[in-house]
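Participant: attaching a predicted model along with its sequence, questions to come.
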Amino acid sequence: MSELKNYKWVMASFSFIIAFLLHLLLFATAPMATIIMREMNLPYAGFGFIFSAAMISLIIFRLFWGFISDKIGYVKALKIALPFSAMAAALRALSQTYLELVISQFLLGIGLAAVLPCLPLLIKDWTSERVGLSTGAYISGFAVGNATALGFTSYLLELMNWRSILLLYGCIAIVVSGFWWILAKTSLKTTSNVKLKDFMKIFKNRKVWILLFFMIASMGTYDTLATWMPKVLEMKSLNKAFSSFLPLGFLLAGPITGFILDKIKNRKLLIAFLGLTSFASIITLLHAPLPILSLCLFLAGFTSISMLTISLTIPPEDKELSIYAGSVIGVTSSLGNIGPFAMPVIFGLLIDVTRSFQYSILAVAFLAGVTFTLGSKAFT
C-alpha cells in the first residue's frame, strides 16, 4: 500500500508532463511561420493548414482513443499513442516538401488525440481523493507547454534552424515515451468490459450533452478571446500587451479551481458562480478603464479554463459516467472543438458586418454566461 501511495506522484507527474508535451508539439510551428512560408513559398492560408491538419486528426481520433482507453486501459493506450506521436514529431522535422509536412502533422494529431481521454483515467486511478486538484495541475501543463512552444521556440530560432528544433522536440517526445513504457502502471486489478454498444449509450445521457456544451463554450470562449483581444485592444487604442492577462488566468485556473472542487462538492453553485462571473467580466471589457480591463481579462481566462477543468473532472467522479469516462471525454473534447472552430470566425464576421467589436464581445459573453449558468442546473 505504501509503495502504491508513493508511486502516485510518479503517475501524477506523468499527467503534467504529457499535457505539457501535447501543447509543446502542437504549437511549436507557430513561431516558425515566416521561415516555413518563405522556404516553401506558402500563402498564409497554406501555413494555417499545417496547424489545421493536426487539429483535424485530433478532433476525429479523440472519439477512437476515448473508446480504446476504456477498453484496454489508459496505460496500454498511451503505450501506443505516445511512441506514434514521437515518430510523427520526428518525421515532420525531416519533411522536405509541404505535403510531407502536412501529412506528418496529421499523423501527429492522431497520436496526440489520446492525451485528453487518457489523462482523466490516470487521475481517477491514482489520485481519486484529489481529482479536482490533479486535473487542474495537468491543465496548467497545457498552459506551460503553450508558453514554451511560443516563447522558447522563438529564442531557439536564433540559434538553430526550424527542422533541428522540431527534431529536438521529437526527441523529447521519444524520451517521454520511453519513460512511460518503463515506469507507467495502473493500480487497477481488473480491466474494463466496455463494448461498442456501451459507447453508444453515452449519447443518451443528458449530462454528457451538457458537458459537451460546457466544452464548446469554455474552449470557444478562451480561444476566441485569445485570438481577437490583441486586435480589440488595438481598436480601443490600448497596448496589445494587456491581452497577456488572459493566459495568466489560464495558468492559474486549473490548480485553484481544482483545489476548490476537492473542497466544495456543490458543483451547481460553483458552476453558476463561474457562469455569472464569466458573463460580467467579458461584457465589462466593452467600456472598462485599464486597471479594471486587466482584471476582466484575467477573470475571462480564469472562468473559461475553470469550466474546462470542471468538464474534465466530472466524468471520472460521476457514478453514471465514471465507467465510460474515457469515452465521455473523447466525445466531449472532440465535438467541443466546434467552439474554437466556429466562434473566432463568428467574432470576426460580426466585426465585418457591424464595423464594431461590441456585438462580438456581447455574443461571447452571452454564450459563456448562459451556457454555464443554465447548465449548472443539471448538477448537484
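Facilitator: Sure, I can see it.

Participant: got a pLDDT number for residue 166?
Facilitator: We have a pLDDT of 95 for residue 166.

Participant: what's the burial count for it?
Facilitator: When neighbours are counted by other C-beta atoms under 10 Å, residue 166 registers 25. All C-beta atoms are positioned from the backbone trio N, CA, C, and that covers glycine.

Participant: now the helix or strand containing it: buried residues?
Facilitator: Using DSSP states H and E, residue 166 maps to helix 162-183. With burial defined by 16 or more other C-beta atoms under 10 Å, the residues of helix 162-183 counted as buried are 162-163, 165-167, 169-170, 172-174, 176-177, 180.

Participant: gap between the residue positioned nearest the centre of the chain and residue 365?
Facilitator: For the chain, residue 142 is the residue whose C-alpha lies nearest the centre (C-alpha atoms, centre = their mean; 6.5 Å). Taking C-beta to C-beta, to the nearest Å as the measure, residue 142 falls 24 Å from residue 365.

Participant: repeat that for residue 314.
Facilitator: 24 Å.

Participant: comparing these two, which residue is more hemmed in?
Facilitator: Taking other C-beta under 10 Å, residue 314 and residue 365 do not tie; residue 314 has more neighbours (28 against 21).

Participant: coming back round to it: between all of the buried residues of helix 162-183, which two are separated the most?
Facilitator: Using C-beta to C-beta, the two most remote members of the buried residues of helix 162-183 are 162 and 180, lying 27.0 Å apart.

Participant: picking that back up, redo the buried residues of helix 162-183 as CSV? Include distance to residue 154.
Facilitator: As requested, the buried residues of helix 162-183 are arranged in CSV below (distance: C-beta to C-beta, whole Å):
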residue, distance to residue 154
162, 11
163, 16
165, 10
166, 14
167, 17
169, 14
170, 19
172, 17
173, 20
174, 23
176, 23
177, 26
180, 29
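
Participant: contact partners for residue 367?
Facilitator: Counting by C-beta atoms under 8 Å, 6 or more residues apart in numbering, residue 367 touches 217, 220-221, 343.

Participant: buried stuff in the helix or strand containing it?
Facilitator: Take DSSP H and E as the rule and residue 367 turns out to sit in helix 358-375. Neighbour counts over helix 358-375 (16+ other C-beta under 10 Å) mark 360-361, 363-365, 367-369, 371-373, 375 as buried.

Participant: swap in stretch 307-320?
Facilitator: 307-318.

Participant: how far off centre is the helix holding residue 367?
Facilitator: 20 Å (C-alpha atoms, centre = their mean, to the nearest Å).

Participant: and if you look at stretch 14-30?
Facilitator: The answer for stretch 14-30 is 10 Å, by C-alpha atoms, centre = their mean.

Participant: I'd like the average pLDDT over it.
Facilitator: For stretch 14-30, the per-residue pLDDT averages 91.

Participant: what pLDDT does the residue lying closest to residue 208 once chain neighbours are set aside get?
Facilitator: Nearest residue to residue 208, sequence neighbours excluded (C-beta to C-beta, 6 or more residues apart in numbering): residue 202, at 5.2 Å. We have a pLDDT of 81 for residue 202.

Participant: distance from the chain centre to stretch 262-274, please.
Facilitator: 21 Å.

Participant: contact partners for residue 333?
Facilitator: Neighbours of residue 333 in contact, by C-beta under 8 Å, 6+ apart: 62, 116-117, 215.

Participant: where does the protein dip in pLDDT?
Facilitator: 1-5, 188-199 (pLDDT under 70).

Participant: show me how the record splits it into domains.
Facilitator: 2-193, 197-378 (automatic domain parsing).

Participant: before we move on, the earlier item: could you dump the contacts of residue 333 to a markdown table with neighbour count?
Facilitator: Output for these, formatted as a markdown table (neighbours: other C-beta atoms under 10 Å):
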| residue | neighbour count |
| --- | --- |
| 62 | 27 |
| 116 | 25 |
| 117 | 32 |
| 215 | 26 |
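
Participant: dump those to a markdown table, plus secondary structure and distance to residue 262.
Facilitator: As requested, the contacts of residue 333 are exported to a markdown table (DSSP: H, G, I helix; E, B strand; the rest coil; distance: C-beta to C-beta, whole Å):
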| residue | secondary structure | distance to residue 262 |
| --- | --- | --- |
| 62 | helix | 26 |
| 116 | helix | 21 |
| 117 | helix | 22 |
| 215 | helix | 21 |
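
Participant: and the residues you listed, which two are the farthest apart?
Facilitator: Taking C-beta to C-beta, the two most distant members of these are 117 and 215; they sit 12.6 Å apart.

Participant: follow-up on the earlier one: could I get the contacts of residue 333 as CSV with distance to residue 127?
Facilitator: Formatted as CSV, those follow (distance: C-beta to C-beta, whole Å):
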residue, distance to residue 127
62, 23
116, 17
117, 17
215, 22
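
Participant: check the secondary structure at residue 319 for me.
Facilitator: Residue 319 falls in the coil class when you classify it by DSSP: H, G, I helix; E, B strand; the rest coil.

Participant: measure it to residue 377 for me?
Facilitator: From residue 319 to residue 377 the distance is 19 Å (C-beta to C-beta).

Participant: ok, back up a step: which one of the buried residues of helix 358-375 is nearest residue 335?
Facilitator: Using C-beta to C-beta, the buried residues of helix 358-375 come closest to residue 335 at residue 371, 14.3 Å.

Participant: run through the residues that contact that closest one.
Facilitator: 213-214, 216-217, 275.
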